[in-house]
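> model this:
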Amino acid sequence: MKQQLGISGRVKQLSTLSRKMAEKQLTRKRIEDIIRASELLSTPFVTT
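Numbering: from 1, shown residues only. Next up, the predicted model:
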C-alpha cells in the first residue's frame, strides 16, 4: 500500500496518508483494488 502511494518509512499520521491519497486522486474503488491485489500477492499460489 505504501509503495503504491509512494510513501517511504512508517506513516505516523493519517493526514500524511490522506494527503498522499488526495495527491494521487485515488478513489475508494482504486484503494480497494490495491488492497485486494496486495492480499493476493501475499498469499501463496496454490494449484489444485
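> Next one: residue 31 relative to residue 20, how far apart?
As defined by C-beta to C-beta, to the nearest Å, residue 31 lies at a distance of 11 Å from residue 20. The way it works is simple: take the backbone N, C-alpha and C, and place the C-beta from them, glycine included.
> next one: residue 34
12 Å.
> now do residue 43
From residue 43 to residue 20 the distance is 26 Å (C-beta to C-beta).
> who's more crowded, those two?
residue 20 (16 against 8; other C-beta atoms under 10 Å).
> Would you mark the buried spots in the strand or helix carrying that one?
Using DSSP states H and E, residue 20 sits within helix 14-24. Neighbour counts over helix 14-24 (16 or more other C-beta atoms under 10 Å) mark 20-21 as buried.
> So for it, mean pLDDT?
Per-residue pLDDT values across helix 14-24 average out to 74.
> After it, which helix or strand is next?
Next element after helix 14-24 (DSSP H and E): helix 28-42.
> quick one, that next one and helix 14-24 angle?
On the basis of axes from the mean of the first three to the mean of the last three C-alpha atoms, to 10 degrees, helix 28-42 is oriented at 110 degrees to helix 14-24.
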